[in-house]
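> Whatever this is, show me its structure:
(chains A and B)
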Amino acid sequence: MTHFTPISAAIGGAMIGLSASWLWLTLGRTAGISGILGGLVRDDWGWRLAFLAGLIGAPMVLSLAGAPVQWRSPEAGMPMLILGGLLVGFGTRLGSGCTSGHGVCGIGSLSPRSIAATAAFMLTAALVVFTLRHLWRF
Amino acid sequence: MRPIVASLAAGILFGTGLVIAQMTDPMKVMAFLDIAGDWDPSLAFVMAAAIPVAAAGIALGRIFGRPMLAPQFARPRQTAIDRKLLIGASIFGAGWGLVGYCPGPALAAVGNGSWQTSVFIVAMFAGMAAFHLLFNRTAVAGTVYHRNSH
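Sure thing, here's the model as predicted:
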């Protein structure tokens, strides 16, 4: 169980939006994590690696500096972690985006495609959680 | 400013935002997705704050006409709501619901040093590689998946 934290959620969300705005206005790129990852195999990878270094490094530095970083492990066993990772990796490429690309940047540009994608992944994720927690009682 | 410095700054801002919003905690994400349980609507507040700020940046981009450090905006080329989009998004949603990680928070949590996070990320890369092997080989000459993803 977790507690509702509207203020820190909104502050963190605004920073994510600011990051997306900054990347768009400087490099003209979408701050979609799955797109940044997927493009590593074929595209100019310098800016992609730099973004990922910041994304991975910032929480580490914050943690080392004594900030209370909430990053506990998922409560899932090996088969679930592998299946979940495969589905997230494959699905975000087939659907050309994830929570950041479609959910933040795409909806931010009022793209009907991103609104549809976000509705689809929110719905299936909620259905899977409902099935696991309330039907199968994991 | 060099493009990679701008990009590094964006990554730092993104990672810090995820930490402040506690989206690096998969249990917090699961608590949002668990509408029938002890629902924690925090993730909705993250999105509700992120979207208008991103929208403001995109609107500013329309006024400027081009990005500061690149010749043009890399706009997504696909606009259709097709089967691929909806099936892909649904597959992603299923994986997200199983573990509570989407790509950004999983990477931001690498520093927790847990094997669970690492296993998920390796599997996620494998899933992406599987997509490229299955689809991009037949679409090399096309532009369908080229550089246009979010």
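
> Give the residue spans of chain B that score low on pLDDT.
B:137-150 (pLDDT under 70).

> can you check chain A too?
Checking chain A against pLDDT under 70 turns up A:43, A:137-138.

> How about residue A:17: what's its closest non-neighbour residue?
Leaving out its chain neighbours, the residue that sits closest to residue A:17 by C-beta to C-beta, 6 or more residues apart in numbering or on different chains is residue B:53, at 2.7 Å. C-betas here are computed from N, CA, C, even on glycine.

> Secondary structure class of the one you found, three-state.
Following DSSP: H, G, I helix; E, B strand; the rest coil, the label given to residue B:53 is helix.

> and the gap between the spatially closest residue to residue A:70 that is not a sequence neighbour and residue A:116?
Leaving out its chain neighbours, the residue that sits closest to residue A:70 by C-beta to C-beta, 6+ apart is residue B:25, at 4.1 Å. Remark: distance between residue B:25 and residue A:116 (C-beta to C-beta, to the nearest Å) = 28 Å.

> the more surrounded of the two?
More neighbours surround residue B:25 than the other of residue B:25 and residue A:116, with 24 against 18 (other C-beta atoms under 10 Å in any protein chain shown).

> The more buried one and residue A:75 touch, don't they?
No. Contact criterion C-beta atoms under 8 Å: residue B:25 and residue A:75 do not qualify, at 11.0 Å.

> is stretch A:47-55 up against chain B anywhere?
Yes. Contact of stretch A:47-55 with chain B (C-beta under 8 Å from any C-beta of the partner chain) involves A:47-55.

> Out of those, which two are the most distant from each other?
Pairwise distances across the residues of stretch A:47-55 next to chain B peak at 12.5 Å for A:47 and A:55 (criterion: C-beta to C-beta).

> Tell me which of the two has more neighbours.
In terms of neighbours (other C-beta under 10 Å), residue A:55 is the more surrounded of residue A:47 and residue A:55; the figures are 29 against 26.

> is it true that that one touches residue B:9?
No. Counting by C-beta under 8 Å, residue B:9 is not a contact partner of residue A:55; they are 11.3 Å apart.

> Point me to the helix or strand that includes residue 87.
No chain in the question, so chain A it is. Residue A:87 belongs to helix A:78-94 when assigned by DSSP states H and E.

> ah, I was thinking of chain B
Here residue B:87 sits within helix B:83-99, counting by DSSP H and E.

> helices or strands up against that helix?
helix A:78-94, helix A:112-130, helix B:26-33 (3 or more C-beta pairs under 8 Å, 6 or more residues apart in numbering or on different chains; DSSP states H and E).

> these two touch, right, residue B:23 and residue B:32?
No. At 9.4 Å, residue B:23 does not count as touching residue B:32 under the criterion of C-beta under 8 Å.

> what's the overlap in contacts for the two?
When contacts are counted by C-beta atoms under 8 Å, 6 or more residues apart in numbering or on different chains, residue B:23 and residue B:32 have residue B:43 as shared neighbours.

> More neighbours: which of those two?
Counted by other C-beta under 10 Å, residue B:23 and residue B:32 do not tie: residue B:23 has more neighbours, with 29 against 26.

> Quick check: closest non-adjacent residue to that one.
Here the residue nearest residue B:23, using C-beta to C-beta, 6+ apart, is residue B:105, at 4.9 Å.

> if we look at stretch A:119-135, which residues are touching it?
Residues contacting stretch A:119-135 (C-beta under 8 Å, 6+ apart): A:91, A:95, A:98-99, A:102, A:138, B:30, B:33-37, B:85-86, B:89-94, B:96-98.

> wait, residue A:23 sits on residue A:29?
Yes. The pair residue A:23 and residue A:29 qualifies as a contact (C-beta under 8 Å) at a distance of 5.3 Å.

> Overlap of the contact sets of those two?
residue B:7.

> ok, how many other residues are close to residue A:7?
Count around residue A:7 with other C-beta under 10 Å applied: 10.

> Determine the number of other residues adjacent to residue 61.
Just going to use chain A. Using other C-beta under 10 Å, residue A:61 has 15 other residues around it.

> My question was about chain B, not that one.
Residue B:61 - counted by other C-beta under 10 Å - has 19 other residues nearby.

> Residue 76: neighbour count?
I went with chain A, as the question did not name one. Neighbour tally, residue A:76, other C-beta under 10 Å: 23.

> um, chain B though
22.
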